[in-house]
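Peer 1: Sequence and predicted model, in that order:
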Amino acid sequence: MTNHGRNASAEPRGAATLVERVNAALRTSATPSLTQLVLRCALAVPFWRSGINKWDGFLQLNEVAVLLFSSELKLHLPGGPYDFAAPGLVAFVSGSAEILLPILLVLGLATRLAAFGLLVMTLVIQLTVPDGWPLHITWAAMALGIMAWGPGRVALDHWIGTDKADGRPRGDRG
């Protein structure tokens, strides 16, 4: 029975060691900089795709973009829904931001500011399309993660020294 007791106590330690080794391998393959790069690209894609669909040429919005903001899209606030004020201007600003901010994110330039801009856009989109919250909360989480941990080392901000944080959570900086 003594042998059986030793094996039973050794099993949890063996399992813990195995889990520790697997976690170490996963940490090695999912480096903070790679994670931050993927996060930046993942947040950039839906906004870029939406922005591209709003333009017919350089600084030329298509009619559908203006029509959406003037008749289809509404702000769902208490007492509403409400029309967007100056729908042509809102369409232009939205379309411009959906092109510029994703480019900045992918390059890792003014990264935290670009992520904040997309977070604000996400909040407005949520007020416009309330049923889209499962997707919108994902975009918000990505933007908040980028704002909190920065662009990572694979970013122009890091290379030109405009983002001094190394991208690791404070507890991991040792």
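Peer 2: Looks like it came in fine.

Peer 1: where are the low-confidence patches of this structure?
Peer 2: 1-12, 164-174 (pLDDT under 70).

Peer 1: so where does the most centrally placed residue in it fall, helix or strand?
Peer 2: With distances taken as CA atoms, centre = their mean, residue 142 lies nearest the centre of the chain, 2.9 Å away. Residue 142 belongs to helix 133-149 when assigned by DSSP states H and E.

Peer 1: mind saving the C-alpha coords of the helix or strand following that helix as PDB?
Peer 2: Counting by DSSP H and E, the next helix or strand C-terminal to helix 133-149 is helix 156-160. Taking C-alpha atoms only, helix 156-160 is exported to PDB below (Å, rounded to 0.1, in the frame of the first residue of the first chain):
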ATOM      1  CA  LEU A 156       7.200  51.700 -36.200                       C
ATOM      2  CA  ASP A 157       6.400  53.200 -32.800                       C
ATOM      3  CA  HIS A 158       8.900  50.800 -31.200                       C
ATOM      4  CA  TRP A 159      11.600  51.300 -33.800                       C
ATOM      5  CA  ILE A 160      11.400  55.200 -33.800                       C
END
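
Peer 1: In terms of secondary structure, what does helix 156-160 contact?
Peer 2: For helix 156-160, not one helix or strand is in contact under the criterion 3 or more CB pairs under 8 Å, 6 or more residues apart in numbering; DSSP states H and E. Backbone N, C-alpha and C define where each C-beta goes, glycine included.

Peer 1: in that helix, what's buried?
Peer 2: 156-158 (16 or more other CB atoms under 10 Å).

Peer 1: contacting residues for residue 70?
Peer 2: 83-84, 87-88, 91 (CB atoms under 8 Å, 6 or more residues apart in numbering).

Peer 1: are any of those buried, and which?
Peer 2: 84, 87, 91.

Peer 1: What separation do you get for the second one and residue 101?
Peer 2: Think residue 87. 20 Å (CB to CB, to the nearest Å).

Peer 1: just the first one next, same as before
Peer 2: Residue 84 sits 19 Å away from residue 101, going by CB to CB.

Peer 1: Please apply the same query to residue 116.
Peer 2: Counting by CB to CB, the gap from residue 116 to residue 101 is 9 Å.

Peer 1: more neighbours, the two?
Peer 2: A direct count of neighbours by other CB atoms under 10 Å for residue 116 and residue 101 places residue 101 higher, at 25 against 16.
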